[in-house]
Every structure is written in C-alpha cells, then in structure tokens.
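Asks: Return a 3D structure for these sequence lines:
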Amino acid sequence: MDLWGAPAEVKSVKFDQYKRTQSQRRDHAVVKQVILPVGGQSYNPSNQAHKSLLNQVADKEQQIVEKDLKDVLQRRPLIGEKVNNEESDDDK
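Replies: So this is what the prediction gives:
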C-alpha cells in the first residue's frame, strides 16, 4: 500500500447505493428560491389590493371554521343544541 501514490479505488456497495439515492433526491427537488408575494402582500400594497387579500383570507378562514363546526356537530350533536339554546337566550 502506497500512502502518497495514486489513491486506491474503494468499491463499496453501500456507497454506490448512497450515491444513487442522493442523486435521485436532488433531481426531484425543484423549489423556487424566493416565493413572490401577491399584490396585497408587498411592502407597500395599494389599499384595494390589501383589502382584497384580507377578504380572501377571511373567506378561507370562515370556510375552515364552518367545516370544523359541521364535523363537530356530526360527532357530538348535543353541543349544537347547547349553542342554539344560548343564542336564543341572548336574543331575549
């Protein structure tokens, strides 16, 4: 074995498998480096663009809350009765 001579090639099955899986992982990772903001998310958005964005976010949140409420009421219908009773008491 010559320490300063030409490097001896080391053949390892595990290393070859590692090399193949690492190169495959790199091929599939295509991600933008910077995600560009929408109109209302910029540094100094126009009033209309900002309000439009806020309305979109509020609508999404409202849909999520309504969906979650439906799921809860399907699982535990008695909760819905309590909520309805409390609302009718508040109207009086």
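Asks: if you count residues, which helix in the chain comes out on top?
Replies: Ranked by number of residues, the top helix in the chain under DSSP state H is helix 47-75.
Asks: for that one, packing partners?
Replies: Applying 3 or more CB pairs under 8 Å, 6 or more residues apart in numbering; DSSP states H and E, one finds that helix 47-75 contacts helix 77-91. For the C-beta atoms, the positions are set from N, CA and C on the backbone; glycine is no exception.
Asks: Show me what the mean pLDDT comes to for the longest helix of the chain.
Replies: For helix 47-75, mean pLDDT is 93.
Asks: Numbering from 47 from now on, please.
Replies: Sure thing, new numbering starts at 47, so read that last one as helix 93-121.
Asks: Which positions within it qualify as buried?
Replies: Neighbour-count burial for helix 93-121, counted by 16 or more other CB atoms under 10 Å, picks out Leu99.
Asks: so which strand or helix has Leu82?
Replies: Using DSSP states H and E, Leu82 maps to neither a helix nor a strand.
Asks: go on, Val76?
Replies: Using DSSP H and E, no helix or strand contains Val76.
Asks: That one: neighbour count?
Replies: When neighbours are defined as other CB atoms under 10 Å, Val76 has 6 of them.
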